[in-house]
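**Q** okay, structure incoming, though there's no sequence with it:
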């Protein structure tokens, strides 16, 4: 079995005389680093964001189960988008995806977002939805929702799954 990161080293050492390919590799990989060398995980999710069109941003730690028990409050018809902050280390992660399911009683909505492929970097990498969603409105849609976020890759390897709560308010 190849050592962890050997795939990355192979990529970096191949075709070093091809200027265009070297520029592409530099753009993809950037300043390669391992922020948590003793942690064997390739993907470490640190932050889950709910950003509103007025600039307000709620930052949740998806690994802090105590804080995730408190619901995020959102007004009906609010414009929002999801985002995530994560680290990639040891090797490239191909086809990173995030799924977010929000449910209340019989109402349920699941969205899957393709974030892309990322190389390892020492700094946190962030991703946000390109467009804003509109929170549901009306008496039937107000109330308490349960959410589940899942972070996985092209190989269907699950990197993190977390639960959160939302309250849609008038």
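**A** Happy to help now that I have it. If you're wondering where the values come from, they're calculated on a predicted model, not measured in any experiment.
**Q** what about the helices in this protein?
**A** 6-13, 19-29, 65-68 (DSSP state H).
**Q** lowest-confidence stretch among the ones you listed?
**A** Note on those: lowest mean pLDDT is at helix 6-13, with a mean of 62.
**Q** where in the protein is pLDDT low?
**A** Along the chain, segments meeting pLDDT under 70 span 1-15, 25-26, 28-33.
**Q** which ones are touching the spatially most central residue of the chain?
**A** The chain has residue 84 as the residue nearest its centroid, 3.7 Å off, counting by CA atoms, centre = their mean. By CB atoms under 8 Å, 6 or more residues apart in numbering, the residues touching residue 84 are 45, 47-49, 98, 115, 126-127, 151. All C-beta spots, glycine's among them, are computed from the backbone N, C-alpha and C.
**Q** now do residue 101
**A** Residue 101 neighbours (CB under 8 Å, 6+ apart): 108-111, 147-149.
**Q** in the sheet, who's paired with it?
**A** In this structure, residue 101 bridges to residue 110, residue 148 when assessed by DSSP bridges.
**Q** state the distance from it to residue 117.
**A** 24 Å (CB to CB, to the nearest Å).
**Q** now, which of the contacts of residue 101 sits nearest residue 34?
**A** Nearest to residue 34 out of the contacts of residue 101 is residue 149 (CB to CB; 24.7 Å).
**Q** wait, that closest one sits on residue 100?
**A** Yes. In this structure residue 149 lies within contact range of residue 100 using CB atoms under 8 Å: 5.2 Å.
**Q** who has more neighbours, the two?
**A** Neighbours were counted for residue 149 and for residue 100 using other CB atoms under 10 Å; residue 149 has more, 21 against 18.
**Q** contacting residues for that one?
**A** 48, 62, 98-101, 160-164.
**Q** how about those residues in CSV, adding distance to residue 22?
**A** Output for the contacts of residue 149, formatted as CSV (distance: CB to CB, whole Å):
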residue, distance to residue 22
48, 35
62, 36
98, 31
99, 35
100, 37
101, 41
160, 33
161, 38
162, 38
163, 43
164, 42
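**Q** out of the residues you listed, which comes closest to residue 37?
**A** Of all those, residue 160 has the smallest distance to residue 37: 19.5 Å, by CB to CB.
**Q** what residues are bridge-paired with that closest one?
**A** Beta-bridge pairing of residue 160 under DSSP bridges involves residue 151.
**Q** just confirm it contacts residue 47, I think it does.
**A** No. In this structure residue 160 lies outside contact range of residue 47 using CB under 8 Å: 11.3 Å.
**Q** give me the more crowded residue out of these two.
**A** Neighbours were counted for residue 160 and for residue 47 using other CB under 10 Å; residue 160 has more, 19 against 15.
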